[in-house]
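Participant: Just the structure for this:
(one chain, ligands or ions: 2)
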Amino acid sequence: MENKFKFYNTLTRNIDTVIPNVEGKISMYTCGPTVYHFAHIGNLRSYIMEDVLEKSLRYVGYDVKRVMNITDVGHLSSDADTGEDKMLKGAKRENKTVMEIAQFYTDAFFSDCEKLNIKRPDVVEPATNCIPEFIHMVSVLLDKGYAYEAGGNVYFDTSKLEDYYVFSSAVEKEQLLEGVRADVDVDDNKKNSNDFVLWFTKSKFEDQALKWDSPWGVGYPGWHIECSCISMKHLGEYMDIHCGGVDNIFPHHTNEIAQSESFTGHKWCNHWFHVNHLNDQSGKMSKSKGDFLTVSLIESKGYNPLVYRMFCLQSHYRKPLVFSYEALDNMVAAYNKLAKKVAELKNEGEVDQEVFAQYRAKFEDALCNDLNTSMAITVLYDVVKADTNDATKLALINDFDYVLSLNLYEEGKKLSETPANAGVDAELEAFVLAKIEERAAAKKAKDFATADAIRDELLAKGVAIKDTREGVKWELV
Ligand code: AMP
Ligand code: ZN
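Facilitator: Ligands and ions are numbered 1, 2, ... in the order given. Predicted structure coming up:
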């Protein structure tokens, strides 16, 4: 098949055409979540865009095999192997065992993915399943002279590589400096400041719950080794696409490349796909900040999670995206309007194959051109307005939804079948309308705290309000 899918490759700093190692097949690896807490909607932005990438590759005809790890051991608070153990922190916070925490948050992660129509990767592998593979890779790295033992731990020796900073990107340099600033807890065992731990035996954590026997003593793996081993276990020594959020570029992906290529002795992965961050108005979203935005939270405020998916698709994956409820409210209006229009289409007439092919090609072009999802949605709007019959429009919308996964038809049917506030008693209705007016006055006076408090007060009574282009709408939840 013709290779025409292009995206920005962080490794070459170019928009490269994806050339798979085996014609027609793509092997793809995604760094999975660290399951010590709920995923925030920032993490999920990365997983939504990676889902769209996978589906787009399938859409254009590739046979894709996608693997994801679940980090349930070894990830310390700082990506540079310092600070607290994230899993242990979660277990202490909730008075549970590390494995209970891992199971609970893995399930929560996939439940969020389901709500956002994120397909489960073909293989999902928890790090704790692969201890023998980690031990094997560390042994080979030691044998080949790329690793050393110091103070009880095994470290990767970055000075053995001619070019350790493979990405040599602005992001890498920036994260390097950030790491230096954050790295107050200097590890004297390291020969070079960027050496990283492959295997810990001398744990700082007396109460480390998960430990395994190894040739270097009882201990546990470093974080980076898991992605190298898990990807090779399922995809072999040559991989086509590796993805993650931009914060993974350094040190995580840099270290993955260092150890994988030292292990195999050849180039490992050709194409690196990184999704930029979702920020809130105060800066980068982070789980360690404690109070963070989750899918459940936005759902409890009355939002359909698929509106958040559309919010992500309307922006390019390489640009930072700022989240606000105001922006999400605008997306609710756009999503509902579009969904209702789609649901009004009647499945009548014959599909016009020529028109179908013409719009499908435009949609494909948008995706093949550095995953331009907002352009792909514009093509969808064009289909809705197009001068063709409803059957053709529905066939195209259904076809596009393989990639976009916005469920527009089904959601639109629901929206038009249920009057937003059917069966509400008159007293409640009067109360809600008065509150909506009060909120509008507060918003006009720029008193957003009061406006939000009114929204929450209504929600507590089971009433969700949404700002739409046609005014404020409300419904029982
Ligand atoms: P973690 O669970 O912390 O290992 O992160 C899971 C994924 O989310 C990784 O691919 C991160 O790069 C990505 N990520 C972390 N923070 C953000 C953010 N604010 N916006 C988008 N992606 C993020
Ligand atoms: Zn990884």
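Participant: Phi first, then psi, for the residue in the chain that ligand 1 sits nearest to.
Facilitator: Nearest residue of the chain to ligand 1 (CB to the nearest ligand atom) works out as Gly245 at 2.2 Å. Every residue, glycine included, has its C-beta placed from N, CA and C. Gly245 adopts backbone torsions of phi -80, psi 160, taken as degrees, to the nearest 10.
Participant: Setting the sequence-adjacent residues aside, check what's closest to it.
Facilitator: Ser46 (4.3 Å; CB to CB, 6 or more residues apart in numbering).
Participant: do the helix or strand harbouring that neighbour and ligand 2 meet?
Facilitator: If you go by DSSP states H and E, Ser46 is part of helix 41-59. No: Helix 41-59 stays clear of ligand 2 (CB under 5 Å from the ion), getting no nearer than 11.7 Å.
Participant: Can you name the element that comes right after that helix?
Facilitator: According to DSSP H and E, the helix or strand after helix 41-59 is strand 63-70.
Participant: ok, and what's touching the helix or strand where Ser296 lies?
Facilitator: Under the criterion of DSSP H and E, Ser296 resides in helix 295-300. For helix 295-300, the surrounding residues in contact (CB atoms under 8 Å, 6 or more residues apart in numbering) are 38-39, 41, 44, 112, 115-116, 305, 308, 328, 459.
Participant: C-alpha coordinates for the helix holding Ser46, PDB please?
Facilitator: Backbone C-alpha positions of helix 41-59 (Å, rounded to 0.1, in the frame of the first residue of the first chain) are rendered in PDB as follows:
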ATOM      1  CA  ILE A  41      -8.200  15.100  31.900                       C
ATOM      2  CA  GLY A  42      -4.700  16.300  30.800                       C
ATOM      3  CA  ASN A  43      -3.500  12.700  30.800                       C
ATOM      4  CA  LEU A  44      -6.600  11.800  28.900                       C
ATOM      5  CA  ARG A  45      -5.900  14.400  26.300                       C
ATOM      6  CA  SER A  46      -2.800  12.400  25.400                       C
ATOM      7  CA  TYR A  47      -4.700   9.100  25.400                       C
ATOM      8  CA  ILE A  48      -7.500  10.600  23.200                       C
ATOM      9  CA  MET A  49      -5.000  11.900  20.600                       C
ATOM     10  CA  GLU A  50      -3.100   8.600  20.600                       C
ATOM     11  CA  ASP A  51      -6.400   6.800  20.100                       C
ATOM     12  CA  VAL A  52      -7.200   9.100  17.200                       C
ATOM     13  CA  LEU A  53      -3.700   8.300  15.800                       C
ATOM     14  CA  GLU A  54      -4.200   4.600  16.100                       C
ATOM     15  CA  LYS A  55      -7.700   4.700  14.500                       C
ATOM     16  CA  SER A  56      -6.500   7.000  11.700                       C
ATOM     17  CA  LEU A  57      -3.800   4.600  10.800                       C
ATOM     18  CA  ARG A  58      -6.300   1.800  10.700                       C
ATOM     19  CA  TYR A  59      -8.700   4.000   8.700                       C
END
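Participant: ok now that helix, how far from the chain's centre?
Facilitator: 7 Å (CA atoms, centre = their mean, to the nearest Å).
Participant: That helix and ligand 1, any residue contact?
Facilitator: Yes: interface with ligand 1: helix 41-59 contributes 42-43, 45-46 (CB under 6 Å from any ligand atom).
Participant: domain ranges for the chain?
Facilitator: Split into domains by automatic domain parsing, the chain comes to 6-275, 289-417, 426-476.
Participant: now, of these, which is deepest in the fold?
Facilitator: Among the domains of the chain, domain 6-275 has the highest mean neighbour count (mean count of other CB atoms under 10 Å), at a mean of 19.
Participant: Just the endpoints, please. Distance across that domain?
Facilitator: End-to-end distance of domain 6-275 (CA to CA, to the nearest Å): 15 Å.
Participant: Quick check: closest non-adjacent residue to Asp382.
Facilitator: Using CB to CB, 6+ apart, the closest residue to Asp382 is Tyr359 (7.1 Å).
Participant: what sits up against the helix or strand that contains the one you found?
Facilitator: Using DSSP H and E, Tyr359 falls within helix 353-368. Helix 353-368 is touched from outside by 4-6, 56, 59-60, 372-373, 375-376, 378-380, 382-383, 386, 388, 392, 395-396, 399-400, 403, with contacts defined as CB under 8 Å, 6+ apart.
Participant: could you redo the last one with a cut-off of 6 Å?
Facilitator: Contact with helix 353-368 is made by 4-5, 56, 372, 375-376, 379, 383, 388, 392, 396, 400, as judged by CB atoms under 6 Å, 6 or more residues apart in numbering.
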